[in-house]
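show me how the following folds:
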Amino acid sequence: MAKREFPSKRAPSYASVPDEQWNNWRWQLSHRLNSVEDFEPVLPLTDSERRALKAPNLFRVDITPYFISLIDPDDPADPIRLQVMPTDREMVPFTGMIEDSLAEDAHSPVPGLVHRYPDRVLMLVTTSCASYCRYCTRSRIVGDPSETFSRAEFELQLDYLRKTPQVRDVLLSGGDPLALAPKLLEELLSRLREIEHIEIIRIGTRVPVFLPMRVDDELCDVLQRHHPLWLNIHVNHSNEITRELAEACDRLSRAGIPLGNQSVLLAGVNDCIHIHRQLVHDLTRIRVPPYYLYQCDLVPGSGHFRTPVATGIEIMEGLRGHTSGYAIPTFVVDAPGGGGKIPVAPNYQISQSDHKVVLRNFEGFISTYEEPLEYTPHDPKTCASCQAKRTEPGQSGVAGLLEGDGMVIKPEGFDQVHARGGQPHRLRIDPEKWKPLGIGGNGASLTVAPPEPASEED
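Numbers count the residues shown, from 1 in each chain. As a prediction, this is how the structure comes out:
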């Protein structure tokens, strides 16, 4: 079977536009479509789309001429159309809907800087995008110029990073960092690189997908000057992978920038194992390994895009073993309320005993792995890396329990609830009785008194 070529498309209404303009990213941005009058010459609108476009307080609509050209105008259920064209379904509230679903603002020590994990931060640098996804996690601020981050807030972000040495990884997002003016992007990267303890910079962007002509030699030169730098794009369906996107990703790869892809599981777009398998195969063809598959967040406007988590499990079941391991993303639920990304996967471990693990593969083949009866555990007391480990104050979590930092993790207020309002008494007065021997910084001491010397009579 012949290898399928990635297409290059241009809607008929743009046939007379000279190539020099069409391939100019500034022309594309200045000719974005956002109204009934803009869309009608390109594709016939549905009644639902018309109602949404005329609705007050509609989340921002902007679509580049390039990206709208990828839509089949005769298919109201086109997977690209569903992602960027508004419908009246996004006006419908649903149970569990949360404006700031991931509690990002609650985990922001300064405006626009989210410090949720111990060693890395999310730095929101703009509220602008080349085009706007209808399921946007940050629709509370994205697309609204009045919510963009000021120069003073930018300085606060940098100051926090300078004072927080445990941060080694900064992820730039927004909005879309590649939608920034070139000089501002250069300044931002340069200022981050001046902070000694920041090891890597990552960028989350959909510009190569919405506006591949933006990924020119000038941009690649800017990014290349600030290595090590990683970049994740956002493709949800193979119809988004064009000749132009493949060429943009090739330019980034040749600039030494490792690429990855983040997808969102969307009803009607990619909630099918066969669609997803084609997507990951096409991504690897353009040298973009799949990174994450996200369960859709609980943000306003996303209700009709949501699927059961079981749909994502089914897709992962249909990928593992059925395609190359490097073509399989990690399926995650970004926990509502700020719990962070929680990986969810089919269960391949069936059972275990003290010396045996029972496993199954994607075909249902069941095998056992015999574990060693004798094993000398790693000794953190004699390990130089353990002695010099990066501190994670208050965030060591389950890994901390395994390392002996503590014996339990308690929900906030646990002890107060279970005190039941009782007063201090003789059985509660000594807190030492609840300290586990030899575990945690506040654990009871393991020091054992040496035995008494034997007498001559013994």
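
residues touching the helix or strand of the chain with the lowest mean pLDDT, excluding its own?
Lowest mean confidence among the helices and strands of the chain (mean pLDDT, DSSP states H and E): helix 414-419, at a mean of 79. Contact with helix 414-419 is made by no outside residue, as judged by C-beta atoms under 8 Å, 6 or more residues apart in numbering. C-beta: built from backbone N, CA, C; applies to glycine.

what does the host helix or strand of residue 283 rub up against?
Applying DSSP states H and E as the criterion places residue 283 in helix 273-285. Residues external to helix 273-285 that are found in contact with it (C-beta under 8 Å, 6+ apart): 6, 79, 235-238, 241, 246, 261, 263, 270, 289-290, 293, 314-315, 317-319, 322-324, 326-329.

export the least confident helix or strand of the chain as CSV, just CAs?
What follows is helix 414-419 as a C-alpha-only set of coordinates in CSV (Å, rounded to 0.1, in the frame of the first residue of the first chain):
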residue,chain,number,x,y,z
PHE,A,414,-7.7,15.1,59.8
ASP,A,415,-6.5,15.1,63.4
GLN,A,416,-8.9,17.9,64.4
VAL,A,417,-11.9,16.0,62.9
HIS,A,418,-11.0,12.8,64.8
ALA,A,419,-10.3,14.6,68.0
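
those strands in the protein, which residues are they?
Remark: strands assigned in the chain by DSSP state E are 113-117, 120-124, 169-173, 200-204, 229-233, 259-265, 290-295, 330-335, 340-343, 349-352, 356-360, 366-370.

want to try JSON lines for those strands, with mean neighbour count, mean pLDDT and distance to residue 67 as columns?
JSON lines is the format used below for the strands of the chain (neighbours: other C-beta atoms under 10 Å; pLDDT from 0 to 100; distance: least, C-beta to C-beta, whole Å):
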{"stretch": "strand 113-117", "mean neighbour count": "20", "mean pLDDT": "94", "distance to residue 67": "28"}
{"stretch": "strand 120-124", "mean neighbour count": "23", "mean pLDDT": "96", "distance to residue 67": "23"}
{"stretch": "strand 169-173", "mean neighbour count": "20", "mean pLDDT": "98", "distance to residue 67": "19"}
{"stretch": "strand 200-204", "mean neighbour count": "20", "mean pLDDT": "98", "distance to residue 67": "18"}
{"stretch": "strand 229-233", "mean neighbour count": "22", "mean pLDDT": "98", "distance to residue 67": "13"}
{"stretch": "strand 259-265", "mean neighbour count": "21", "mean pLDDT": "98", "distance to residue 67": "16"}
{"stretch": "strand 290-295", "mean neighbour count": "21", "mean pLDDT": "98", "distance to residue 67": "20"}
{"stretch": "strand 330-335", "mean neighbour count": "18", "mean pLDDT": "96", "distance to residue 67": "25"}
{"stretch": "strand 340-343", "mean neighbour count": "13", "mean pLDDT": "94", "distance to residue 67": "27"}
{"stretch": "strand 349-352", "mean neighbour count": "11", "mean pLDDT": "94", "distance to residue 67": "43"}
{"stretch": "strand 356-360", "mean neighbour count": "13", "mean pLDDT": "95", "distance to residue 67": "42"}
{"stretch": "strand 366-370", "mean neighbour count": "11", "mean pLDDT": "95", "distance to residue 67": "47"}
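
rebuild the ones you listed as a markdown table, extending it with distance to residue 434.
Shown next, in a markdown table, are these (distance: least, C-beta to C-beta, whole Å):
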| stretch | distance to residue 434 |
| --- | --- |
| strand 113-117 | 30 |
| strand 120-124 | 34 |
| strand 169-173 | 37 |
| strand 200-204 | 41 |
| strand 229-233 | 44 |
| strand 259-265 | 44 |
| strand 290-295 | 38 |
| strand 330-335 | 29 |
| strand 340-343 | 29 |
| strand 349-352 | 31 |
| strand 356-360 | 34 |
| strand 366-370 | 38 |
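
my read: residue 180 touches residue 125, true?
Yes - under the contact definition of C-beta atoms under 8 Å, residue 180 touches residue 125, with a separation of 6.6 Å.

who has more neighbours, the two?
Using other C-beta atoms under 10 Å, the more surrounded residue of residue 180 and residue 125 is residue 125, with 24 against 19.

phi and psi next, for that one.
With angles defined as degrees, to the nearest 10, residue 125 sits at phi -110, psi -10.

coming back round to it: centre of the chain to the least confident helix or strand of the chain, how far?
Offset of helix 414-419 from its chain centre (C-alpha atoms, centre = their mean, to the nearest Å): 35 Å.

which residues touch the nearest residue to residue 208 once chain neighbours are set aside?
Counting by C-beta to C-beta, 6 or more residues apart in numbering, residue 208 lies nearest to residue 248, which is 4.5 Å off, once chain neighbours are set aside. Going by C-beta under 8 Å, 6+ apart, residue 248 touches 208, 212-213, 215.

try it again at 6 Å.
Applying C-beta atoms under 6 Å, 6 or more residues apart in numbering to residue 248 gives the contacts 208, 212, 215.

with residue 355 instead?
Contacts of residue 355 (C-beta under 6 Å, 6+ apart): 371, 373.

mind checking pLDDT for residue 379?
With respect to pLDDT, residue 379 scores 86.

now swap in residue 163 and tell me
Looking at residue 163, its pLDDT is 96.

from what I can see residue 220 touches residue 253, true?
No - contact criterion C-beta atoms under 6 Å: residue 220 and residue 253 do not qualify, at 9.8 Å.

ok now stretch 75-94, how far from the chain's centre?
With C-alpha atoms, centre = their mean, you get 22 Å for stretch 75-94.

so what touches that stretch?
Contacts of stretch 75-94 (C-beta under 6 Å, 6+ apart): 46, 48-49, 51-52, 61, 63, 70-72, 131, 133-134, 237, 239, 268-269, 301, 303-304.

residues of that stretch that come out buried?
For stretch 75-94, burial by neighbour count (16 or more other C-beta atoms under 10 Å) applies to 76, 78-91.

what does stretch 391-404 give?
For stretch 391-404, burial by neighbour count (16+ other C-beta under 10 Å) applies to residue 396.

could you do stretch 145-161 as well?
Judged by neighbour count (16+ other C-beta under 10 Å), stretch 145-161 contains these buried residues: 148-149, 153-154, 156-158, 160-161.

show me how to select, in PyMOL, the buried members of the contacts of stretch 75-94.
For the buried members of those, the matching PyMOL selection, counting by 16+ other C-beta under 10 Å, is:
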select buried, resi 48+49+52+61+63+70+71+131+133+134+237+239+269+301+303+304
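
burial count for residue 235?
Counted with other C-beta under 10 Å, residue 235 comes out at 24.

test my guess that it contacts residue 262.
No - with contacts counted by C-beta under 6 Å, residue 235 stays clear of residue 262, the gap being 8.5 Å.

show me where the stretch 351-458 of the chain has helices.
Assignment of helices within the stretch 351-458 of the chain using DSSP state H, counting those that start in this stretch yields the ranges 384-387, 397-402, 414-419.

thanks a lot, see you next time.
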